[in-house]
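[1] predicted model follows, preceded by the sequence.
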Amino acid sequence: MSVHDPNCIFCKIIAGQIPSRKVYEDDELFAFHDIDPWAPVHFLIIPKRHIASMSHLTTADEGWMGRLMVLAPRLALEQGCNPYPEGGFRMVCNTGAEGRQEVQHLHWHVMGGPRPWARG
Ligand code: 5GP
Ligand code: ZN
């Protein structure tokens, strides 16, 4: 598994070769606003290392994957999601063709904000 896939659109976003509206960055994780939002708040959290999907995770990924899960609610609030329980957010990780995954770089959608949403 390569660190950076030169044909991957999200690897290009991490590298700054394709512009994005950044939400967060650290050594292992990157978050940016979705270009076609379903909700008032809609951003993606991705590992910087190219991993094709959630099906490719191993026990070696438990550390950053756990950090991602703890980071998500903090970023959701920072980006304008309302607090739980009246507010909250939805986290989705489409995986594979039947899971309707379109970009083959593992990403978590974080969607929230006041209803109605454009979709979902
Ligand atoms: P998937 O269907 O693979 O779970 O979701 C891929 C998501 O990536 C979609 O919601 C789509 O709008 C978003 N996306 C695709 N290309 C780009 C891009 O170039 N920039 C940004 N910010 N989002 C993108
Ligand atoms: Zn990639």
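    Okay, I see it. Numbers count the residues shown, from 1 in each chain. Ligands and ions are numbered 1, 2, ... in the order given.

[2] ok, E102 - contacts?
    N94 (CB atoms under 8 Å, 6 or more residues apart in numbering). (C-beta placed from N, C-alpha, C; glycine too.)

[3] next one: it relative to E62, how far apart?
    For E102, the distance to E62 (CB to CB, to the nearest Å) stands at 26 Å.

[4] so who does W108 touch?
    Counting by CB under 8 Å, 6+ apart, the residues that W108 touches are L44, I45, I46, L68, A72, M91, V92, C93.

[5] save these as CSV, and put in secondary structure too.
    Output for the contacts of W108, formatted as CSV (DSSP: H, G, I helix; E, B strand; the rest coil):
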residue, secondary structure
L44, strand
I45, strand
I46, strand
L68, helix
A72, helix
M91, strand
V92, strand
C93, coil
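
[6] P114 in helix, strand or coil?
    Criterion first, three-state DSSP; result for P114: coil.

[7] ok, now which ones touch the residue nearest to it when sequence neighbours are not counted?
    Nearest non-adjacent residue to P114, counting by CB to CB, 6 or more residues apart in numbering: P40, 6.1 Å away. By CB under 8 Å, 6+ apart, the contact list for P40 reads G80, G112, G113, P114, W117.
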